[in-house]
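[1] coordinates for the following, if possible.
(2 chains)
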Amino acid sequence: MSENHNSSSDELPSDFIRTIINEDQAAGAYEGRVVTRFPPEPNGYLHIGHAKSICLNFGIGEQYKGARCHMRFDDTNPTREDIEYVESILADVKWLGFDWGDNLFYASDYFEQLYEYAEQLIRDGNAYVDSLTAEEIREFRGTLTEPGRESPDRDRPAEESLDLFRRMRAGEFPDGECVLRARIDMTSPNLNMRDPVLYRIRHAEHHRTGNDWCIYPMYDYAHSLSDSIEGITHSLCTLEFEDHRPLYDWCQEALGIYRSRQIEFARLNLTHTVMSKRRLRQLVEEGHVAGWDDPRMPTLSALRRRGYTPESIRDMCERVGVARRNSMTELALLEHCLREDLNRRAPRRMAVLDPLKVVITNYPEGGSEEFDAINNPEDEAMGTRRVPFAREVYIERDDFMEDPPRRFYRLAPGREVRLRYACLVTCTDVIKDERGDVVEVHCTYDPESRGGNVPDGRRVQGTIHWVSAAHALPMEIRLYDNLFTETDPAGSETDFLDLINRDSLDTVTAMGEPALTKAKAGDRFQFERLGYFCADTDSLPGAPIFNRTTTLRDTWARISQRSP
RNA sequence: UGGGGAUUAGUCUAGUGGUAAGACGCCUGACUCUGGAUCAGGUAUCACAGGUUCGAAUCCUGUAUCCCCAGCCA
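    Now for the predicted structure:
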């Protein structure tokens, strides 16, 4: 497999995990094989945090000769999972540009084998059926500073546990009646080793196995064994599973089966958003956003809808790197990756978000003409297009100031600017309404400057974008800002819901050049001087609706804020 | 002294005994029919305190701070 992303750098990523793999390869470990896996539970939508794990695991699968990455669903809890999530997860991974080939697996595929392994543990005295209640188990577990106590059932004869376990499977007990526990060490300082539960009873329909089972394996047990069954060499997971590693190892060792190695890395955190499933769910269910794919969400489906490219997300994940320290990546990095990608690829168009009418008084009434505009200055092959021009045009309200401050290069009374690709105009009059607000600006144009060129070589400081009023396409545009103004809403003292940015969505009616009429959902453009925009899935034929993916870097905004 | 982990610029990440590297951000300047892009330059002594050494971000000792763990969730 080859990657076509990040063509600007041929360097393969390197990090402590790849260093470990390199060492393993050099030492001939795992017979030279490298097998990773991406193991989500199908109980929600993937977000950009998952993208880091996907890029890591699949990236390693692509990087090493003969390596592969398995797509595996950790579907061991039927009450929270659904086929809907399986499908969206698969679509998202595919969208990011990764391919699992034939290696699509489900932990539920192994239920029978997992069950047999459990019987083996019981026979070997490594597991027992415990009839303590959930509350009792919790009490017996002890605390962080006090050791736990052994259950009265801990020394139950293997035969008895075996019988009980079979009856658990047969459905003789209601939920919660008993569990299968590993027999490890109730005094371990690591709570995960205090006889962890391996199986619980759940009379629930599973999205794949239906009602075949009423006992379901717990994560630690199922995950360790699934990795072993699939011959996973390097099992990469996030930091919070560090304390689970001894149990992960114990499961494979107690059964004497293939040994995989768990390695933990820090999860991705992004500023100005939340990443936990619980909080994302709350945003959706309480209606703070329109849905999982609301373009303000950090889910992959939302980022896709908003206009982010898979390449930009992969690039960001690569640049963030992989390490063991908790970190918070600035959203600015993702935005940079997006701009870099789209600057190269997105066709340019002109659109005016906040229109102010300009009348060119010396231009013939009723006349019009077309000018050539470059589709992408970064890529000549993208060619040019014709843009209609007439006596009345719209410009951005921000591009005119009656009383401009220093360093304002745009239109002002008496000042000449270039209408991009069209001509030079000079402001001669300002028309205001009774409240004193500017409603229209009058200009004269220099007929010698057709196309925007300056025959006598005189300099104009500003070049602004415009749209012919007579030809303009009115279109809905959704302007997004961060869902949270705080850097780390989840880490704040205040409830994150109280930190939601009330101005995160602003819908405006903009005027676009006619070429935009043909835009289809998913099409991305740079609207010159404004930002990158992507036609939303709500678009109708001939009536596109655009999401602003991100703005362009805006030097003027910084200057004007600094010294007004 | 419950256990486990982490600590390099505003952010992320390299460097594992030889005198701090890259990216984002920010600041300067050049250039420009996008105040975009591009180009050039600037922006830390490595949590702290001792110690070992000719030499320490790297080794040792101690301290501090932060993160994770008491689901029959993953």
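[2] next, count neighbours for residue A:264.
    18 (other CB atoms under 10 Å). C-beta here means a position set from N, CA and C on the backbone, and glycine is covered the same way.
[3] quick one: it is in a strand?
    Yes: assessed with DSSP: H, G, I helix; E, B strand; the rest coil, residue A:264 lies in a strand.
[4] list the beta-bridge partners for it.
    On the basis of DSSP bridges, residue A:264 is bridged to residue A:237.
[5] now it: how far from residue A:238?
    6 Å (CB to CB, to the nearest Å).
[6] next: residue A:498.
    Distance from residue A:498 to residue A:238, by CB to CB: 28 Å.
[7] so which of those two has more stuff around it?
    Comparing residue A:498 with residue A:238 by other CB under 10 Å, the one with more neighbours is residue A:238, at 14 against 8.
[8] in contact with the residue in the stretch 401-550 of chain A positioned nearest to RNA strand B, which residues?
    At 2.3 Å from RNA strand B, residue A:452 is the closest residue in the stretch 401-550 of chain A, using CB to the nearest atom of the strand. Residues near residue A:452 by CB atoms under 8 Å, 6 or more residues apart in numbering: A:371, A:418-424, A:463.
[9] let's see that with 10 Å instead.
    A:371-373, A:418-424, A:460, A:463 (CB atoms under 10 Å, 6 or more residues apart in numbering).
[10] ok, which of those residues also contact RNA strand B?
    With CB under 7 Å from any atom of the strand as the criterion, the contacts of residue A:452 include A:418, A:420-421, A:463 near RNA strand B.
[11] in stretch A:119-132, what's buried?
    Within stretch A:119-132, the residues that qualify as buried are A:119, A:121-122, A:126-130, A:132, counting by 16 or more other CB atoms under 10 Å.
[12] which two of the residues you listed have the greatest separation?
    Pairwise distances among the buried residues of stretch A:119-132 were taken by CB to CB; the largest, 21.0 Å, belongs to A:119 and A:132.
[13] adding distance to RNA strand B, write the buried residues of stretch A:119-132 out as JSON lines.
    Putting those into JSON lines (distance: CB to the nearest atom of the strand, whole Å) gives the following:
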{"residue": "A:119", "distance to RNA strand B": "19"}
{"residue": "A:121", "distance to RNA strand B": "16"}
{"residue": "A:122", "distance to RNA strand B": "17"}
{"residue": "A:126", "distance to RNA strand B": "18"}
{"residue": "A:127", "distance to RNA strand B": "14"}
{"residue": "A:128", "distance to RNA strand B": "13"}
{"residue": "A:129", "distance to RNA strand B": "11"}
{"residue": "A:130", "distance to RNA strand B": "7"}
{"residue": "A:132", "distance to RNA strand B": "6"}
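[14] among the residues you listed, which are in strands?
    A:127-130 (DSSP state E).
[15] what parts of the stretch 401-550 of chain A come near RNA strand B?
    Counting by CB under 7 Å from any atom of the strand, the stretch 401-550 of chain A sits next to RNA strand B at A:407-410, A:418, A:420-421, A:451-453, A:462-464, A:526, A:528-529.
[16] shared neighbours of residue A:264 and residue A:238, anything?
    With CB under 10 Å, 6+ apart as the test, residue A:264 and residue A:238 reach no residue in common.
[17] please spell out the PyMOL selection for the buried subset of the ones next to RNA strand B among the contacts of residue A:452.
    The PyMOL selection below is limited to those of these classed as buried (16+ other CB under 10 Å):
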select buried, chain A and resi 418+420+421+463
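[18] over to residue A:185: give its phi and psi.
    phi -160, psi 110 (degrees, to the nearest 10).
[19] and it, what does it touch?
    A:147-148, A:150, A:193-195, A:246, A:250.
[20] distance of it relative to RNA strand B?
    The spacing between residue A:185 and RNA strand B, counted by CB to the nearest atom of the strand, to the nearest Å, is 12 Å.
[21] per-residue confidence at that residue?
    We have a pLDDT of 98 for residue A:185.
[22] ok, now residue A:9?
    At residue A:9, pLDDT is 45.
[23] got it, and residue A:239?
    On the pLDDT scale, residue A:239 gets 98.
[24] go through chain A and flag its longest strand.
    Longest strand in chain A, counting residues (DSSP E): strand A:423-432.
[25] distance from it to the middle of the chain?
    45 Å (CA atoms, centre = their mean, to the nearest Å).
[26] what's the following helix or strand after it?
    Remark: after strand A:423-432, the chain's next helix or strand is strand A:438-445, criterion DSSP states H and E.
[27] three-state assignment of residue A:17?
    On the basis of three-state DSSP, residue A:17 is classed as helix.
[28] so it sits right up against residue A:53, yeah?
    No: look at residue A:17 against residue A:53 with CB atoms under 10 Å: they stay out of range, at 11.4 Å.
[29] any chance you could list residues touching both of those two?
    A:36, A:236, A:265, A:322.
[30] do you know the pLDDT at the third one?
    On the pLDDT scale, residue A:265 is placed at 98.
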